[in-house]
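# for reference, the sequence and a predicted model appear below.
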Amino acid sequence: MTTLLTGGPRVVALTGNPRTGSRTAAAAETTAAHLARELGWDGAVTALDLAVIGPELLAADHPRADIALRTAADAALLVVATPVHKASFTGLLKSFLDLYGPRGLAGVVAVPLVVPGDPGHSLVGDLHLRPVLVELGAVLPTRSLVVTAGALPDLDDHLDTWWSTEGPALRRAVTVEVTR
């Protein structure tokens, strides 16, 4: 799904939930659109739902995955969303990220969005996903956005609260990266 805004830097919502059309995917798209508006950007939010191309990720030939890899790498802002499974981000997301070469996301400003079932898994984004994204060269100027599955109906409130503390750092980072 693409949410139309009109022109401006490319914003991508990447979802690593193994189920198509998941609540995590909806949250990723909502988050990406919300952040784009807060940044004053017009444009389309491009949604990459890895569940759609999941089986292809492990194949020798993966043309749709190659397109998704390029799309994420060309983003000015990349929201990387995952549910928490077994105290980690999903294997589907890891399989996708493993297709990048060294520094495959160099300079891409990324915001992890983690959707745990239990608040006890709130650090998954910062402890497990962040190091992988940094290894790939992504710029992560903020803490991960964590919204438990039960709190998804109140996502807009969580986004407003997160933006109030993390927004200034995100704004500085995207301003630097977009002008390079």
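Cool, the structure landed.
# helices of this structure, start to end?
With DSSP state H, the ranges of helices along the chain come out as 23-38, 50-53, 63-73, 91-97, 124, 130-135, 155-179.
# wait, isn't residue 122 in contact with residue 147?
No - applying C-beta atoms under 8 Å as the test, residue 122 and residue 147 come out as separate, 9.6 Å apart. C-beta here means a position set from N, CA and C on the backbone, and glycine is covered the same way.
# find residues that contact each of these two.
Residues touching both residue 122 and residue 147 (C-beta atoms under 8 Å, 6 or more residues apart in numbering): residue 114.
# the two - which one has more neighbours?
Set residue 122 next to residue 147 and count neighbours by other C-beta atoms under 10 Å: residue 147 wins out with 24 against 16.
# roughly how far does the more buried one sit from residue 50?
To residue 50, residue 147 is 19 Å away according to C-beta to C-beta, to the nearest Å.
# do you know how far the residue nearest the centre of the chain is from residue 61?
The chain has residue 80 as the residue nearest its centroid, 1.6 Å off, counting by C-alpha atoms, centre = their mean. Residue 80 is 25 Å from residue 61, where distance means C-beta to C-beta.
# looking at the chain, which residue lies furthest from center?
If you look at how far each residue of the chain sits from its centre, by C-alpha atoms, centre = their mean, the farthest one is residue 60, at 25.0 Å.
# check the gap between that residue and residue 67 for me.
Taking C-beta to C-beta as the criterion, residue 60 is separated from residue 67 by 16 Å.
# can you check residue 138 too?
The gap separating residue 138 from residue 67 is 19 Å, by C-beta to C-beta.
# do the same with residue 152
For residue 152, the distance to residue 67 equals 28 Å [C-beta to C-beta].
# more crowded one of those two?
More crowded of residue 152 and residue 67, by other C-beta under 10 Å: residue 152, with 15 against 12.
# tell me if I'm right that that one and residue 113 touch.
No - in this structure, residue 152 is not within contact of residue 113 by C-beta under 8 Å, at 10.8 Å.
# identify the contacts common to these two.
With C-beta under 8 Å, 6+ apart as the test, residue 152 and residue 113 both reach residue 27.
# ok, now which ones touch the residue nearest to the centre of the chain?
Contacts here follow C-beta under 8 Å, 6+ apart; on that basis residue 80 touches 14, 16, 93, 110, 111, 112, 113, 129, 133.
# rerun at 7 Å
When contacts are counted by C-beta atoms under 7 Å, 6 or more residues apart in numbering, residue 80 is found next to 14, 110, 112, 113, 129, 133.
# could you give the number of residues near the third one?
Read it as residue 112. Residue 112, neighbours per other C-beta under 10 Å, totals 25.
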